[in-house]
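*Asks:* Just need the structure, nothing else, for what follows:
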Amino acid sequence: MYYKRKETDYYTNRHSCFLLQYHLVLVTKYRHPVIKDELEQYLLSYTNDYFKERSMTIRAIETMPDHMHILFDAPPQINLADFINAFKSASSRKIRQQFAEQLKPYYWKPYFWSLSYFIGSVSEKTTSAVEHYIQHQKD
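*Replies:* You can find the predicted model right below:
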(Lines give C-alpha, C1' and ligand atoms only; values in the text may rest on other atoms or scores of the structure.)
Protein backbone atom coordinates (compact mmCIF):
# COMPACT_ATOMS: atom_id res chain seq x y z
CA MET A 1 0.00 0.00 0.00
CA TYR A 2 1.29 3.45 -0.84
CA TYR A 3 1.22 6.39 1.56
CA LYS A 4 1.96 9.87 0.34
CA ARG A 5 3.87 12.23 2.60
CA LYS A 6 2.53 15.78 2.74
CA GLU A 7 4.77 18.80 3.26
CA THR A 8 3.36 19.13 6.77
CA ASP A 9 4.96 15.76 7.72
CA TYR A 10 1.59 14.02 7.76
CA TYR A 11 0.81 10.97 5.65
CA THR A 12 -2.31 10.68 3.56
CA ASN A 13 -4.15 7.93 1.78
CA ARG A 14 -7.55 7.93 0.14
CA HIS A 15 -9.49 8.33 3.37
CA SER A 16 -7.22 9.66 6.09
CA CYS A 17 -4.44 11.95 7.16
CA PHE A 18 -2.17 10.62 9.92
CA LEU A 19 1.15 10.69 11.70
CA LEU A 20 1.71 7.71 13.98
CA GLN A 21 5.22 7.44 15.39
CA TYR A 22 6.59 4.77 17.70
CA HIS A 23 9.77 4.11 19.65
CA LEU A 24 10.56 0.39 19.69
CA VAL A 25 13.27 -1.24 21.81
CA LEU A 26 14.18 -4.89 21.22
CA VAL A 27 16.50 -6.75 23.59
CA THR A 28 18.57 -9.84 22.85
CA LYS A 29 17.73 -13.01 24.75
CA TYR A 30 19.45 -12.99 28.16
CA ARG A 31 20.86 -9.58 27.11
CA HIS A 32 23.84 -11.30 25.53
CA PRO A 33 26.09 -8.72 23.76
CA VAL A 34 25.87 -10.27 20.28
CA ILE A 35 24.89 -7.27 18.12
CA LYS A 36 28.28 -6.26 16.79
CA ASP A 37 30.45 -6.23 13.69
CA GLU A 38 28.92 -7.97 10.65
CA LEU A 39 25.83 -9.09 12.55
CA GLU A 40 25.10 -5.47 13.46
CA GLN A 41 25.40 -4.33 9.82
CA TYR A 42 23.23 -7.20 8.64
CA LEU A 43 20.57 -6.43 11.28
CA LEU A 44 20.46 -2.73 10.34
CA SER A 45 20.15 -3.53 6.64
CA TYR A 46 17.53 -6.23 7.20
CA THR A 47 15.49 -3.94 9.48
CA ASN A 48 15.50 -1.07 6.98
CA ASP A 49 14.35 -3.40 4.18
CA TYR A 50 11.70 -5.09 6.34
CA PHE A 51 10.13 -1.80 7.43
CA LYS A 52 10.31 -0.26 3.95
CA GLU A 53 8.56 -3.29 2.38
CA ARG A 54 5.69 -2.71 4.81
CA SER A 55 5.30 1.02 4.05
CA MET A 56 6.90 2.17 7.30
CA THR A 57 9.48 4.92 7.58
CA ILE A 58 12.39 4.55 9.96
CA ARG A 59 13.32 7.97 11.38
CA ALA A 60 16.17 6.77 13.60
CA ILE A 61 17.76 3.42 14.30
CA GLU A 62 20.72 2.41 16.46
CA THR A 63 22.07 -0.74 17.99
CA MET A 64 23.96 -1.52 21.14
CA PRO A 65 25.54 -4.91 21.80
CA ASP A 66 22.44 -6.18 23.65
CA HIS A 67 19.55 -4.10 22.28
CA MET A 68 18.23 -2.04 19.39
CA HIS A 69 16.21 1.20 19.20
CA ILE A 70 13.95 2.07 16.25
CA LEU A 71 11.92 5.27 15.84
CA PHE A 72 9.44 4.72 13.03
CA ASP A 73 6.24 5.94 11.38
CA ALA A 74 3.43 3.43 10.81
CA PRO A 75 0.11 3.47 8.99
CA PRO A 76 -3.09 3.32 11.08
CA GLN A 77 -4.03 -0.17 9.80
CA ILE A 78 -1.00 -1.85 11.33
CA ASN A 79 -1.42 -4.17 14.30
CA LEU A 80 1.73 -3.32 16.25
CA ALA A 81 1.91 -6.50 18.34
CA ASP A 82 1.58 -8.72 15.25
CA PHE A 83 4.06 -6.63 13.29
CA ILE A 84 6.68 -6.62 16.05
CA ASN A 85 6.38 -10.35 16.68
CA ALA A 86 6.61 -11.09 12.94
CA PHE A 87 9.68 -8.88 12.66
CA LYS A 88 11.34 -10.52 15.66
CA SER A 89 10.64 -14.01 14.30
CA ALA A 90 11.81 -13.24 10.76
CA SER A 91 14.93 -11.33 11.80
CA SER A 92 15.84 -13.95 14.40
CA ARG A 93 15.52 -16.76 11.84
CA LYS A 94 17.67 -14.91 9.27
CA ILE A 95 20.32 -13.92 11.82
CA ARG A 96 20.56 -17.45 13.22
CA GLN A 97 21.04 -18.79 9.67
CA GLN A 98 23.69 -16.22 8.73
CA PHE A 99 25.60 -16.09 12.04
CA ALA A 100 25.19 -19.55 13.55
CA GLU A 101 28.86 -19.88 14.55
CA GLN A 102 29.01 -16.42 16.12
CA LEU A 103 25.86 -17.11 18.18
CA LYS A 104 26.74 -20.68 19.20
CA PRO A 105 28.57 -19.68 22.44
CA TYR A 106 25.56 -17.62 23.57
CA TYR A 107 22.48 -19.60 22.52
CA TRP A 108 22.06 -23.35 22.71
CA LYS A 109 18.43 -23.11 21.55
CA PRO A 110 17.12 -21.20 18.51
CA TYR A 111 16.92 -17.81 20.26
CA PHE A 112 17.95 -14.31 19.39
CA TRP A 113 15.42 -11.78 20.75
CA SER A 114 13.93 -11.72 24.21
CA LEU A 115 10.17 -12.25 24.32
CA SER A 116 9.86 -8.79 25.88
CA TYR A 117 10.00 -5.46 24.06
CA PHE A 118 9.19 -1.80 24.66
CA ILE A 119 6.90 0.18 22.36
CA GLY A 120 5.90 3.76 23.05
CA SER A 121 4.05 6.31 21.01
CA VAL A 122 5.87 9.52 20.21
CA SER A 123 4.22 12.92 19.76
CA GLU A 124 5.20 15.74 17.42
CA LYS A 125 6.75 17.53 20.40
CA THR A 126 8.91 14.60 21.52
CA THR A 127 10.01 13.17 18.16
CA SER A 128 13.22 15.18 18.02
CA ALA A 129 14.13 14.27 21.62
CA VAL A 130 13.66 10.54 20.98
CA GLU A 131 15.52 10.81 17.66
CA HIS A 132 18.44 12.56 19.40
CA TYR A 133 18.47 9.92 22.18
CA ILE A 134 18.60 7.06 19.66
CA GLN A 135 21.27 8.66 17.48
CA HIS A 136 23.53 9.32 20.47
CA GLN A 137 23.27 5.86 22.09
CA LYS A 138 26.91 5.07 21.41
CA ASP A 139 28.32 8.40 22.60
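
*Asks:* residues touching the closest residue to residue 31 other than its chain neighbours, list them.
*Replies:* What sits nearest to residue 31 in space, not counting adjacent residues and going by CB to CB, 6 or more residues apart in numbering, is residue 66, at 4.4 Å. C-betas here are computed from N, CA, C, even on glycine. By CB atoms under 8 Å, 6 or more residues apart in numbering, the contact set of residue 66 is 27-28, 31-35.

*Asks:* what ranges of the chain fall below the confidence cut-off?
*Replies:* Scanning the chain for pLDDT under 70 picks out 1-8.

*Asks:* what are the phi and psi angles of the closest residue in space to residue 73 that isn't next to it in sequence?
*Replies:* Leaving aside its sequence neighbours, residue 73 sits nearest to residue 57 (CB to CB, 6+ apart; 4.3 Å). Phi and psi for residue 57, reported as degrees, to the nearest 10, are phi -110, psi 120.

*Asks:* All the helices of the chain, in order from the start?
*Replies:* With DSSP state H as the criterion, the chain has helices at 37-53, 80-98, 100-103, 127-135.

*Asks:* which other helices and strands contact the last one?
*Replies:* For helix 127-135, the helices and strands in contact under the criterion 3 or more CB pairs under 8 Å, 6 or more residues apart in numbering; DSSP states H and E are strand 20-28, strand 57-64, strand 67-74.
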